[in-house]
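show me how the following folds:
(chains A and B)
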Amino acid sequence: MKSYLGAIRAIIWKDLTAEWRTRESLTSMLVFALLVVLIFNFALELDIQAQESLSAGVLWTTFVFAGTIGLNRSMALEKDRGCLDGLLLAPVDRSVIYFGKVIGNLIFMLLVEIIVLPVYSFLYGVPVFQPGFFLVVLLGSIGYVAVGTLLATMVVQVRTRDILLPILLFPLTLPVIIAAVKASQGFLQMIPFDEFSSWLNILIVYDLIFTAVAFMVFDYVVEE
Amino acid sequence: MIIVKKLVKRFGPITVLRDLDFEVSPGEFVALLGPNGAGKTTFLRILASLTKPTSGLVQVASFRLPEQAVSVRAQLGVVSHLPLIYGDLNAEENLSFYARLYGVKQPRIREVLDLIGLTDRKGDLVRTFSRGMQQRLAIGRAILHSPRILLLDEPHTGLDQEAGEILDEVLREIALQGRTVVMTSHDLVRAAELATRLDILSRGRIRASASEGEFGSTDLVDFYRAALQGKGEAA
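Okay, here's the model as predicted:
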């Protein structure tokens, strides 16, 4: 168990160190996310009612698209110089690679979210600084990254992976995106918790099921 | 050390390896030669547990593949024509990362950097390295955990004469340490200089085999051509 966790930590350390050097992934995710938030703000500016009801959707659209950029770049790093084979040759259970990459991707996505949320709150005038809302952001991101990392690994060998990843990922993560939008809306519009708590439950169940499924199938995904 | 019997590998309708038999004793350095598309890389990837065989027996270091893949991987070092190292990490960080995956202690990293002659450049990012230096680091990564078996897939690809010679020197040192080595190559002369046995793989099977004493006195090109034409043991 110690070596299992040690290997996961090693993969996370490697991803963070490589990203710290280039800042390619974080910069592109962040610039993209801020641009989307800004563009939607101007597009919805004239209609305050529409802005209130759509703001949670705008936020998650931003996170999802920015997350896809991060997932693609994360696996491109492994494709470069055949590094994925280097990982697969290590005498560790292959789920180590999956969890290492998931946690690394999640850290990048959460970092972007931490920076985007205050800007979003300022532009859209919504109260994002609530523990419940942060929980929704965390659960939604976990679900998205858990499935996204699996699919990004699956398509990494394909020439058209940049296009293929969103085509496969968005339909599969639709439940988590809808649940995250509904639960976020609940917190941001101060709706009584009982009225939207079921969406939070869906998020938790989705995260558990898809993390477990990805853990079980990852070995088959990376196999030739 | 390596036993392969009746190995078959198919990719859809294409059969790449057909009833391949192959055996390597401990300490042997086997060069696997053959034309493009002969199945050399596929065969090495099967031995490295990166590709699953369709059927047949594959036993590496007394462990069966694919069932005991994790145990096999602990005994293997693999060098391919791609270096399998991260461009955005420096040489020491790359080795340190793989050391953590293999459970290797830090002092070994210094030893390996010395062996591959990259101690002076250990703090430089790999993406600033020449192809030859990257390949030396790739060998360092492969021998970091002191594997009993080394699998080398065309390790000289893309290297200039000087870098190739440095790589040869490192490989000779590794062979002297008694490790078992299987190397695929297109370079007949270089393979004959390094290896203790030459095997010719063509159309999914080993077509001919010659040991060190035999190919020293044989015209290597004739031996190779005869094997490709299916004339069996040429030496």
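
helices along the chain, start to end?
Unless you meant another one, I'm taking chain A. Here chain A has its helices, by DSSP state H, at A:2-22, A:24-44, A:48-79, A:83-88, A:95-124, A:131-155, A:161-172, A:174-188, A:193-222.

um, chain B though
Along chain B, counting by DSSP H, helices occupy B:40-47, B:69-75, B:91-102, B:107-115, B:131-143, B:161-176, B:188-194, B:212-215, B:220-228.

give me the pLDDT for the most centrally placed residue in chain B.
Nearest residue to the geometric centre of chain B (Cα atoms, centre = their mean): B:Leu152, 1.6 Å. For B:Leu152, the model assigns a pLDDT of 92.

what's the spacing between it and A:Leu30?
Distance of B:Leu152 to A:Leu30, computed by Cβ to Cβ, to the nearest Å: 42 Å. In short, each C-beta sits where N, CA and C put it, glycine included.

quick one: low-confidence residue ranges for chain B.
For chain B, the stretches with pLDDT under 70 are B:215-218, B:230-235.

hang on, A:Ile11 packs against A:Ile97?
Yes. Because the distance of 6.5 Å satisfies Cβ atoms under 8 Å, A:Ile11 is recorded as touching A:Ile97.

quickly list what's touching both of the two.
Taking Cβ atoms under 8 Å, 6 or more residues apart in numbering or on different chains as the contact rule, A:Ile11 and A:Ile97 both touch A:Leu87.

how far does stretch B:196-206 stretch from start to finish?
Stretch B:196-206 stretches 16 Å from its first residue to its last (Cα to Cα, to the nearest Å).

let me fix that, I meant to ask about stretch A:119-139.
Start-to-end span of stretch A:119-139 (Cα to Cα) is 21 Å.

any residues of chain A in contact with chain B? List them.
By Cβ under 8 Å from any Cβ of the partner chain, the residues of chain A that approach chain B are A:3, A:6-7, A:9-11, A:13-14, A:17-19, A:21-22, A:77, A:80-83, A:85-93, A:223-224.

of those residues, grab the buried ones for ChimeraX.
Applied in ChimeraX, the following selects the buried portion of the residues of chain A next to chain B according to 16 or more other Cβ atoms under 10 Å in any protein chain shown:
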select /A:7,10,11,13,14,17,18,19,21,77,81,82,83,85,86,87,88,89,90,91,92,93
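
so what's the gap between the helix or strand of chain A with the lowest mean pLDDT and the chain middle?
In chain A, no helix or strand scores lower on mean pLDDT, DSSP states H and E than helix A:48-79, which sits at a mean of 88. Helix A:48-79 sits 8 Å away from the centroid of its parent chain (Cα atoms, centre = their mean, to the nearest Å).

now stretch B:75-85
Put simply, stretch B:75-85 sits 8 Å off its chain's centre (Cα atoms, centre = their mean).
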